[in-house]
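need a 3D model of the sequence below.
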Amino acid sequence: MQAQACTVLLQNLIQLPPNTADVSNGDRLSLTRHYLTAREWTTEGASAQVEAAAFNNELNPEQLAAQRGKNIEAFLMQLGLSREKIHVHERVIELNNGMIDPGDKWQIGVEFRPNCPPSGCDDLCSTPNPQGVAAPSENGFTCGGDREPANTRILKSSVWTERTQEKSLILSSIDSAGNQEPLANTCYRVTTSAREYIGTTDDKGRTARIQLLGPERTRIETKGAPR
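Presented below is the predicted three-dimensional model:
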């Protein structure tokens, strides 16, 4: 299910309105895009791990979580994934003093992983730019033909996009005085489920125009000199 030299994974995290079990068309498109990518990783295709949850303040949370799981399973089967390759886990999320934990606010999580042949999935690690394959190297990208120091540090962050849009991002950091300042002339890599964008920000910290896919979380990495 997982390669030895790198991580192979595509993930959907879906937040639903209270007491509803159906996902939006945007979420369906994102699930479809990820499945179509994942099934091409190996000749054996992919499997899906589904976590279906409900908050304990929703109506009949156990039944609701089960229905959410059944709906996702049915949709994945419509896409062509066989039932035996879909593994559903249900749970009820307990609120903390009536508050939703920001790190546990999604009622549905779907992870697509490869079905590896007997020889394993290590070949995916050496395939140029496969989507969903994360190599362990911290210095795995360069910006243009610029010369870079031998030792660099990678700062990682992410941005949530509700719906697909094309725009420039403004990358910034917080200085010692607590003020926000743009990351000008900084090497960056922005990775969506469809492609990655590598470049250097301008003097105002802006990237080139990037197509952010939604609903999904986009990974942002910037490269700088070590402290």
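
show me the chain divided up by domain.
Annotated domains of the chain cover 7-133, 137-224 [automatic domain parsing].

any idea how far the first one is from the chain center?
Per Cα atoms, centre = their mean, to the nearest Å, the displacement of domain 7-133 from the mean C-alpha position of its chain is 11 Å.

again, but for the shortest one
When distances are taken as Cα atoms, centre = their mean, domain 137-224 is centred 15 Å away from the chain's centroid.

got a list of what N19 touches?
58-59, 64 (Cβ atoms under 8 Å, 6 or more residues apart in numbering). For the C-beta atoms, the positions are set from N, CA and C on the backbone; glycine is no exception.

and the domains of the chain, which one is worst for confidence?
For those, the weakest mean pLDDT is recorded on domain 137-224, namely a mean of 80.

which residue is most remote from the mean position of this structure?
Going by Cα atoms, centre = their mean, the residue of the chain most distant from its centre is A177, 32.3 Å out.

ok, back up a step: how about a markdown table for the contacts of N19, with distance to N185 added?
As requested, the contacts of N19 are exported to a markdown table (distance: Cβ to Cβ, whole Å):
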| residue | distance to N185 |
| --- | --- |
| E58 | 48 |
| L59 | 53 |
| L64 | 50 |
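
what does stretch 84-102 contact?
Residues outside stretch 84-102 that contact it (Cβ under 8 Å, 6+ apart) are 45-57, 61-62, 65-66, 69-70, 72-73, 76-77, 104, 107, 115.

can you say which of those are buried?
Among the contacts of stretch 84-102, the ones that count as buried by 16 or more other Cβ atoms under 10 Å are 45-55, 61, 65-66, 69, 72-73, 76, 107, 115.

helices - which of those land there?
61, 65-66, 69, 72-73, 76 (DSSP state H).

quick check, nearest of the residues you listed to K156?
I72 (28.4 Å; Cβ to Cβ).

hang on, that closest one packs against Q107?
No: contact between I72 and Q107 fails when scored by Cβ atoms under 8 Å: they sit 10.4 Å apart.

which neighbours do the two have in common?
With Cβ under 8 Å, 6+ apart as the test, I72 and Q107 both reach A52.

would you say D123 is within a strand?
No: counting by DSSP: H, G, I helix; E, B strand; the rest coil, D123 is not part of a strand but helix.

related to what we said a few turns ago, what would the ones in helices among the buried ones among the contacts of stretch 84-102 look like in TSV with distance to E94?
TSV is the format used below for those (distance: Cβ to Cβ, whole Å):
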residue	distance to E94
P61	10
A65	13
A66	17
G69	18
I72	22
E73	24
L76	27
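
give me the helices and strands touching the host helix or strand of W160, please.
Per DSSP states H and E, W160 falls inside strand 153-161. With contacts defined as 3 or more Cβ pairs under 8 Å, 6 or more residues apart in numbering; DSSP states H and E, the packing partners of strand 153-161 are strand 216-224.

now the strand it packs on against strand 153-161, angle please.
Using axes from the mean of the first three to the mean of the last three Cα atoms, to 10 degrees, one finds that strand 216-224 and strand 153-161 are set 160 degrees apart in direction.

what helices or strands is strand 216-224 leaning on?
strand 153-161, strand 187-191.

so what strands line up beside the first one?
Okay, so that is strand 153-161. strand 216-224 (antiparallel) (DSSP bridges).

please identify the buried residues of the strand it pairs with?
Here strand 216-224 shows 216-218, 220-223 as buried, counting by 16+ other Cβ under 10 Å.

much appreciated, bye for now.
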